[in-house]
Structures are given as C-alpha cells and as structure tokens.
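**Q** quick one, what's the 3D model for this:
(2 chains)
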Amino acid sequence: MKSHKSIDPAVLELLPKAALDGVETVWDRYEAQQPQCGFGTLGICCRHCVQGPCRIDPFGNGPKTGICGASADTIVARNLLRQVAGGAAAHVDHAYEAVEALELAAKGEINYNIADEKKLHQVAKGLGLEISGKSKADLAIEVVEVAYADLANHSKKPVQWLMVNAPKERIAVWESLGILPRNPDREIREAMHQTTMGMDADPVNLVLSTAKQGLVDGYSGLKLATDMQDILFGTPTPVVTEANLGVLKEDSVNLIVHGHVPLLSEKIVFWAGQLQAEARLAGASGILVSGICCSGNEVLMRKGIPLVTNFLAQELAIVTGAVDAMVVDVQCIMPSLAQVASCYHTEIITTMPIVKIPGTTHVPFTLENADQAAQEIVRRSIAAYGRRDSKKIKIPNYKRKIMAGFSVEAIIGALSTVDPVQPLKPLIDNIVNGNILGVVATVGCNNVKVTQDLNHVELVKELLKNNVLVVATGCSAHALAKAGMMNSEGTETYAGEGLKAVLTAIGQAAGLGAPLPPVLHMGSCVDNSRIGDLVTAIAHYLQVDSALLPVAASAPELQHEKALSIGTWAVTMGLTTHLGVVPPVLGSKAVTELLTAGLSDVIGGKFYVETDPQKAALGLLEDIRAKRKKLGLPN
Amino acid sequence: MRQILARSEHCLGCKSCELACAVAHSTSKNLFEAIQELKPPQKRIFVESNGELNFPLQCRQCLDSPCVHACMSGAMQFDSNTGLIQVDEQKCVGCMMCVMVCPFGVIAEISTTHKVAKCDRCQDLDYDPACVAACPTKVLEFVEVLEFAHSGRQTFLNQMKGVN
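**A** Coordinates of the predicted model:
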C-alpha cells in the first residue's frame, strides 16, 4: 500500500497500531493544521514589534508594507536572518557545552577522559600551538583557551576557529564581502538587534548577514563541536551495526537516547554496560541502548550503537510498547512524546535545564553529576521494564545492516590502504577520470510535509546510479541507512558502474572483502563539519577554490532552523545547496532571487529549491557536470 | 441548500480565507505559483473589522439580488441550475453599478481588467469553498441553514444554563 506518510515499512506497520491505541501522531497533527497560513508560508508575516502582526498581501491588492513601512523584501529577509541565527545559536550552544566539558575534563574536575590524543594534537597543531613537551591535559587547556577566546573576542579579529580551518580562497571571498564573524555570540546578538523594529531594511545587507550566520554555524558551531567531541570521546572509525525499529529487542530493557549531544549519551552507553546484571535480575536478557536523531548518530559513530529511527518516527518508537525509557537532551524532541508515552509504560526522561516537558520525568544532568544521572536513568529504564504490558508490544521486524563511522580520518585511513603517501589521490583521480562524477552531501531532517524518507532515498538512488558518491549525516543518514544504502549490498544494488568499481577497489584494499557502502555515514548534524573538512581537504589537494569542485549539498526534507543555518554555511562554501522543502521566502521575489541566483555571483554557492526528488537529482547532476566542464574534466 | 455561514465571534482576522480565496481563483490553484501569475488572482471574501468585531464577508446570494437588477449588460445573472448569482466576465462592462448597490460591499473590482468579481462558491473547485477549508478557527462553515440554526439554538440553551 502506498502511503503519503512514510516509505519506511516499519513506520507503515506501526501507524495502524498507533491509531488503534488512540495515539495521536505527528501526521495527525499535521492534518489538523491544514491548510497552513499562506502569509507564514511565504514569509510575509512580521511579529517583530507589538504594533503588528503585519502581513503583506502577496497578490498586491492589500497592504504592500507593514505598519512601520517594511516591505515584503525586508520582512522576508529579516525573518530568514532570525531563523538562521536560531539555527546557529543551537549549534554554538551545543559546541560551548563540549568546550566546557573538555576544560573540566582536562582539569580533572569531571569524570570524562581525553580519549583521542591524536585528534587533540591535530587540532592544537591547526591552531598553531606548540605541542612538544606538553601533557595531554595542558594541551587540552590551551585548545580550550583558544575556543573561549573566540567567544570572548572583543576586537574585530575574525573567529580563529574559522581562520585556521577554512579554505584560504574562501576566507578571501568572505573578507571581501565583510562577513567574517568576530565572536559567535556577538554575531548572533547582532543578528537579533539587526532584525528588531526600526533596524535594517536592506534585503541585500540582511542576506549578507545571514551568510555570516552560516559561517558562525559552520565554524563556531559544527566544527568546534565535532573537534571537542572527537577529543573527548574519540574520532569515529568504521563500525557495523543495524538500523530501524527492528533493532529493539523484546526481551531486553530498551533504552533510547534521543537528542543531539553525546555528553550524556556516552555515559548512558557506559552505564548500561555496567548495569547489565541488574537488568538480568529484573528478568530481562540485558539492556539495549539504541538511538534516535543525532544523540543516536553520535554513539553510533563511536560505539556502534544501533539506530532506532529518525525524527518523524520518534513517537512510533514508543508505540512499539517495547521502549522502557527514552532519555532526551536537546533539539528535535517533540513535546508530544509525553502524550504518546502516557498510553504505554515508557518513561520519558528530560535531562537539560533548557528542555523540560510537562508530564515527563526530569533527571537533571550536569557534567559534574554525569555518572550519577546516567546510572539513575539506566536504573529507571530497568524499573520501567517491569511495568511493560506484553499485550501492547509490537516490534516491526525491519532492520538493515549498516556500516558507519566515516570520519574524514576514517575515510583517509581507508584510502591510505590504496595510496599511503597521498591518500586523497585515489579518490581525486577517480573524480578526475569520471568514475566518480562528483560528491553530494545529503543532510538534515525529516519534514512531515514530505513522505518520510522519500526525498532522501529517491534523490540518492538517482545520484548513485549516476556515479555520484554520497556522504550523509543527521536524519538523512538514518533514512539512507534504513533503506539499505549503507552496506556493501547497497553498492551492488544502487551504485553506477564507475562508482561501484572504485568502492569495490577501496573495500578490497581496506580488507573488507566487499565494497565500501555507496553512502558514507559521516555522523550527526554537527558532524557536517566533517563534510566541510573533506571538501576543504579536496580543494586544498587540488589547489582550487571549493566553489569550483563538482560537489553539492542537499537537505531533502529540512524542517529545523539548524538545517537552514547548515545550508547557509554550505552556500558560503560555494556549494549549490538543494532544499527539498520550500523555505518561507517566496513572498519576496528579490530575496528569492538573491538566494537562488544573485548570491552565487559573489559567493559561488546558491540555494536550489526543488520538491520533486527526481528533478532535484537531475538538477544536481547538471550542476556537477557544469562544474566538471569548467574544470576541464570529462562528463 | 448549503450556505457559507460564519460564527464571527471566533474570527481572529488572520485573513487565511482571503489568501485561500485568491489561490482558488488563480490559474495554478497553488499558492507558490499563484503569487507569480501575471494577472494576480482576485479574492472575493473580505475580512472586515470595526475594531470590536471581525467578520469574513462574501456574496450572500440574496434573493432580491440588487446586483442583478442593477446590471445593465446582463453579466450578473441568476443561474437557475445552481441557484447562485454568477458574473459572466465576457459580458461585464465594468460600470460598477453592482458594486454601488450591493448592501454588503462584497463585489470587487479586478484591478487588471476593471471588471467585477464576486464569490462564485468556488465553481472551479466543485463548489467546495476554499475559504471554509482555510479557516483555522472554523468560523466559516458551509452547511445547511437548518443545521447551523440548530447549533445556534444549542449554544443559546447552553448560555441559559443556570438562568432558570
């Protein structure tokens, strides 16, 4: 049966159960919201002052400006800047917590280790710090001081984390546009100021500030967070596990980690391991930790923890009746979880001071009490196991084997089995000769406006068939994992001949005895930094601007402000960035034109909006071929 | 016969009905495309406010039809098949007589053609009014008068609770 809700068979199996159990899901609430407000959809509603709300008539009969005189162009551009600043704020806040954790870990004040000294050295070296003769802890403190200095920068000096990590050609472009960020917090504050009543009315200036927020997101959010987390918990290496709701085990205590930050989920994984005996005493075969969203991706990448499902089906995980506890940290957590869980025995546990949901249990998590909090959470899940109602259990028998853990270091590790001296060479040679047509990064969310996973999967199928190597993060990675695109069989099924030959050769050289998967899972949403690093490394190797590379990005089912800020960063990197859902900007022709065309003259990248995944694939292929042609590569 | 009726006390003045009306009378019938059409589509519903009350108003399809009587070109006609008053755009000469006599002020001028437009009950959508579907607070209803009156009586009785 075709469904407009999802292509995931596990989801389709659980939806009737949800209805039968009287559970309202995200799809029901979406239905109840129809039709959605046209003014909001077009981005021409302004609520920035209390004289409003003001709306512009998109058909030109009614008001052409808000009460203050702001035009549709101003209103759309201001709204967009605020949304992108919101996304950047989420990532910078995330990164800040990781910096704090590294500081306290280095000082020995909390029970976290510095797991990856190699990464610490790599980051320190990048920052220009002297490494020799320093202890791990001392060097970590120095790294932390640089990170803190960015956040306390009162001068006009640009963010250091950007200056040492971004491609030089790009830095020159950003400098010429005056969009190099100084201090991430200051830029976010400034964006809020710039968009308040009686401030900036110039759509071009506002869009440039939006681009600056993209840089804040990319370097003081994503890159900083990944660097800190790798140092603390280790840089991912290839792991094999499974994805989809079928990973849940009926006879285990099922504890799901959901959210985005690994600080807690790492501890949960550790303590679940330690407390297996208690679970067995409670009658279970053990404790199974599995993940949703990016907390899931973080512990998948580093610990091989299986993935339960992605954003849109977080409620349905509970509908299985087999989830004993779901512990959440920050971002993408539907408040509806409390309501869904009230129909079952599942305990929803919030942990962060800025994420509390009425009707759930709150176990305060701090870096200092991390072990106690994690133990309490694991024990609560064991206790909840005893309250299960066996009649309500239904675990769909769908799961796919996946290989994940492809950090840049891991990719280079695999490539160095082919060429130990110049590991990037085999990849780049194959891009040059056309075996690999290009690289597309698919990132971001599910969006209830799109049949769950459909855009991700259909787009990527078409790209792989045309020999495009796909790297993925976030809920896009989950979607592709569930669809069987992250294992060797996926290469046989989906990859075009050229791509298949390359993946097979690398797989053999790396001792896998099988091809690499056609889609490389590079991690969580903050790990889009890894994709940025890869693009930067390729550009550096070829000595060309990243804007010239046959590389593109796509957020096929974006919903979150974070996806907009990540996408904005990709555009500033010079990439054509596809959006599979129309962002709320069409109410201004000028802003739409700037984002989808005008901006590319000055910054190299642009947004490309196409809701049909087949057409989007063709559009991206055309873009890649055009870039290849410019570089003089065969098509 | 079903009529478009309103519980105006719940109208928040969001104008969603106005947008939906314009889209329903566009060529594409799709918001994203409708805003780019060369001839912008004309809405035929008006959220009117006097500061205290918001009211989404459209053609009431009056039986005495002053607009039909005032129309000298025969554009404004009573369609006996549907029982609705419709405008024949071909015949309209743009004299605006109907606009002057309409007691509700719900006949609009199409800015690009200077002819008139009014609610046609969403003829193009099989008489399924877009404004009703778009109303987030369910102010607008497309119902049998009997049914609407019945629910009005129920509301009245509820208000009377405790009075006697």
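**Q** tell me the pLDDT at residue 80?
**A** All of this is about chain A. A:Leu80 is assigned a predicted lDDT (pLDDT) of 98.
**Q** could you do chain B instead?
**A** For B:Ser80, the predicted pLDDT is 91.
**Q** quick one: it from B:Gln86, how far?
**A** Distance check for B:Ser80 against B:Gln86: by CB to CB, to the nearest Å, it reads 11 Å. The C-beta positions use only the backbone N, C-alpha and C, and glycine is treated the same way.
**Q** the two: who's more crowded?
**A** A side-by-side neighbour count of B:Ser80 and B:Gln86, using other CB atoms under 10 Å in any protein chain shown, places B:Gln86 first with 19 against 7.
**Q** and whichever helix in chain B runs longest, what's buried?
**A** Ranked by number of residues, the top helix in chain B under DSSP state H is helix B:145-160. For helix B:145-160, the neighbour count (16 or more other CB atoms under 10 Å in any protein chain shown) marks B:Phe148 as buried.
**Q** show me what it is packed up against.
**A** Secondary-structure packing of helix B:145-160 (3 or more CB pairs under 8 Å, 6 or more residues apart in numbering or on different chains; DSSP states H and E): strand B:2-6.
**Q** quick check: mean pLDDT of the strand it packs on?
**A** Throughout strand B:2-6, pLDDT has a mean value of 95.
**Q** pull the residues that contact that strand.
**A** Contacts of strand B:2-6 with the rest of the structure, by CB atoms under 8 Å, 6 or more residues apart in numbering or on different chains, involve B:55-56, B:58, B:61, B:119, B:121, B:129, B:131-132, B:139-145, B:148.
**Q** tilt between it and helix B:145-160?
**A** Our comparison of strand B:2-6 with helix B:145-160, counting by axes from the mean of the first three to the mean of the last three CA atoms, to 10 degrees, yields an angle of 30 degrees.
**Q** could you say which helix or strand contains the one residue in chain B that gets nearest to chain A?
**A** Using CB to the nearest CB, the point where chain B gets nearest to chain A is B:Leu19, with a distance of 3.8 Å. Here B:Leu19 is covered by helix B:16-24, with elements defined by DSSP states H and E.
**Q** average pLDDT for that helix?
**A** On average, helix B:16-24 scores 96.
**Q** contact residues of chain B facing chain A?
**A** Listed as neighbours of chain A in chain B under the rule CB under 8 Å from any CB of the partner chain: B:14-16, B:18-20, B:22-23, B:31-32, B:34-36, B:40-43, B:111, B:133-134, B:136.
**Q** thinking again about what came up before, by contact count, what packs against the helix holding B:Leu19?
**A** Here helix B:16-24 touches helix A:38-42, helix B:31-34, strand B:46-49, helix B:130-134, going by 3+ CB pairs under 8 Å, 6+ apart.
**Q** export the third one as PDB, just CAs?
**A** It stands for strand B:46-49. In PDB, the C-alpha atoms belonging to strand B:46-49 read as follows (Å, rounded to 0.1, in the frame of the first residue of the first chain):
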ATOM      1  CA  PHE B  46     -13.200  40.300   2.800                       C
ATOM      2  CA  VAL B  47     -12.300  40.100   6.500                       C
ATOM      3  CA  GLU B  48     -13.900  43.400   7.700                       C
ATOM      4  CA  SER B  49     -13.300  44.800  11.100                       C
END
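**Q** name the strands paired with it and say parallel or antiparallel.
**A** Strand pairing for strand B:46-49, determined by DSSP bridges: strand B:54-57 (antiparallel).
**Q** how far away from the center of its chain is the strand it pairs with?
**A** Offset of strand B:54-57 from its chain centre (CA atoms, centre = their mean, to the nearest Å): 10 Å.
**Q** same question for stretch B:13-31.
**A** Centre-to-centre, stretch B:13-31 and its host chain are 12 Å apart (CA atoms, centre = their mean).
**Q** can you give me the buried ones in it?
**A** Along stretch B:13-31, these residues count as buried under the neighbour rule (16+ other CB under 10 Å): B:14-26, B:31.
**Q** re the thing from before, what sits against the residue of chain B closest to chain A?
**A** By CB under 8 Å, 6+ apart, the contact list for B:Leu19 reads A:Cys37, A:Gly38, A:Phe39, A:Pro58, B:Leu31, B:Lys43, B:Ala134.
**Q** which residues touch the spatially most central residue of chain B?
**A** Among the residues of chain B, B:Gln58 comes closest to the average C-alpha position under CA atoms, centre = their mean, at 2.7 Å. Contact partners of B:Gln58, counting by CB under 8 Å, 6+ apart, are B:Ile4, B:Cys21, B:Arg44, B:Ile45, B:Phe46, B:Val106, B:Lys118, B:Cys119, B:Cys131.
**Q** repeat for B:Cys122
**A** Neighbouring residues of B:Cys122 by CB under 8 Å, 6+ apart: B:Ala24, B:Asp128, B:Pro129, B:Ala130.
**Q** which one is the first one nearest to, not counting chain neighbours?
**A** Setting aside the residues directly before and after it, B:Ala24 is nearest to B:Ala130 in space (CB to CB, 6 or more residues apart in numbering or on different chains), at 3.7 Å.
**Q** pull the number of nearby residues for the one you found.
**A** Summarising burial for B:Ala130: neighbours were counted as other CB under 10 Å, giving 22.
**Q** avg pLDDT for stretch A:265-276?
**A** 98.
**Q** which intervals of the chain have sub-threshold pLDDT?
**A** Looking at chain A here, since you left the chain open. For chain A, applying pLDDT under 70 flags the ranges A:1-2.
**Q** meant chain B, my bad for not saying
**A** Within chain B, the set of residues satisfying pLDDT under 70 comprises B:164.
**Q** how is it carved up into domains?
**A** Taking automatic domain parsing as the domain assignment, the ranges for chain B are B:1-57+B:119-164, B:59-118.
**Q** what about the shortest one, distance to the chain center?
**A** Meaning domain B:59-118. The gap between the average C-alpha position of domain B:59-118 and the chain average comes to 13 Å, counting by CA atoms, centre = their mean.
**Q** and if you look at stretch B:112-130?
**A** On the basis of CA atoms, centre = their mean, stretch B:112-130 is displaced by 8 Å from the centre of the chain it belongs to.
**Q** in three-state terms, label the spatially most central residue of chain A for me.
**A** Residue closest to the average C-alpha location in chain A (CA atoms, centre = their mean): A:Cys525, at 1.7 Å. Here A:Cys525 takes the coil state, with states given by DSSP: H, G, I helix; E, B strand; the rest coil.
**Q** ok, A:Val471 next?
**A** Taking three-state DSSP, the label given to A:Val471 is strand.
**Q** pull the contacting residues for it.
**A** Shown here is A:Val471, whose contacts under the criterion CB under 8 Å, 6+ apart are A:Phe406, A:Val439, A:Val440, A:Ala441, A:Thr442, A:Val519, A:Leu520, A:Met522, A:Ile531, A:Leu534.
**Q** ok, and the most crowded of those?
**A** Looking at those with neighbours defined as other CB under 10 Å, the largest count falls to A:Val519 at 34 neighbours.
**Q** for chain B, see how far away that one is.
**A** A:Val519 sits at a distance of 31 Å from chain B (criterion: CB to the nearest CB, to the nearest Å).
**Q** and B:Lys161, how many neighbours?
**A** B:Lys161 has 7 neighbouring residues, counting by other CB under 10 Å.
**Q** just B:Ile35 next, same as before
**A** B:Ile35: 25 surrounding residues under other CB under 10 Å.
**Q** how close does the nearest residue to A:Ser155 once chain neighbours are set aside get to chain B?
**A** For A:Ser155, ignoring the flanking residues on the chain, the nearest one in space by CB to CB, 6+ apart is A:Arg182 at 7.2 Å. With distances taken as CB to the nearest CB, A:Arg182 is found 37 Å from chain B.
**Q** how about A:Arg182, secondary structure?
**A** For A:Arg182, the reduced secondary structure class is coil; criterion used: three-state DSSP.
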